[in-house]
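Colleague: Generate a structure from the sequence data that follows.
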Amino acid sequence: MTRFARLLREHPGAAPDLFTAVELASCAGKRRRVEHLAARFGAKEAVLKALGTGLGPRMRWTDIEVTNDSQGCPIVSLDGAVAARAQACGFQQVCLSLTHTADLAIAQAVAVRGNNADVSRPAGDCGTKAMDQCAFT
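Modeller: Residues are numbered from 1 along each chain as shown. Model (predicted):
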């Protein structure tokens, strides 16, 4: 967390290259803003690793947008070269799990081929990381 906070402090122009306007706005009013941004950045890295590329040619960090649904569960939207890579691999969903403390941010992403709409879970059950809502747009 310290390194990420230092990055944002020493390079204030980096934030718009790493996060969409929606991500920055959603974290702006939070008491632990840096932790929330660090978790989202970790999610972006996890998504790229799930796609097997890391940040590849023509890919931008802002091609991956991490937001929350109405119940607070993390969701991801892909755009540009990242979305093209996901489609080329046959991935139709990316499921996210995020956590953070004052010292650490962790994210996990699972790219899923096919539709997992038949998974039987209570709608909006964030305790299961809302697998019924883990789609990207």
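
Colleague: residues in contact with Asp63?
Modeller: Applying CB atoms under 8 Å, 6 or more residues apart in numbering to Asp63 gives the contacts Leu78, Asp79, Gly80, Ala81, Val82, Ala83. The C-beta positions use only the backbone N, C-alpha and C, and glycine is treated the same way.

Colleague: which of the residues you listed has the most neighbours?
Modeller: Val82 (28 neighbours; other CB atoms under 10 Å).

Colleague: follow-up on the earlier one: let me have the contacts of Asp63 in a markdown table, extended by pLDDT.
Modeller: Compiled in a markdown table, the contacts of Asp63 are given as follows (pLDDT from 0 to 100):
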| residue | pLDDT |
| --- | --- |
| Leu78 | 96 |
| Asp79 | 96 |
| Gly80 | 95 |
| Ala81 | 95 |
| Val82 | 95 |
| Ala83 | 94 |
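
Colleague: what's the most distant pair in these?
Modeller: Distance extremes for the contacts of Asp63: the farthest pair is Leu78 and Ala81 at 9.5 Å, using CB to CB.

Colleague: Give me the contact list for the lengthiest helix in the chain.
Modeller: Ordering each helix of the chain by length in residues (DSSP state H) puts helix 33-50 first. For helix 33-50, the surrounding residues in contact (CB under 8 Å, 6+ apart) are 1, 4-5, 8, 15, 18-19, 23-24, 26-27, 30, 54-56, 59, 61, 64, 66, 74, 76, 78, 82, 91, 94, 96, 98-102, 105-111.
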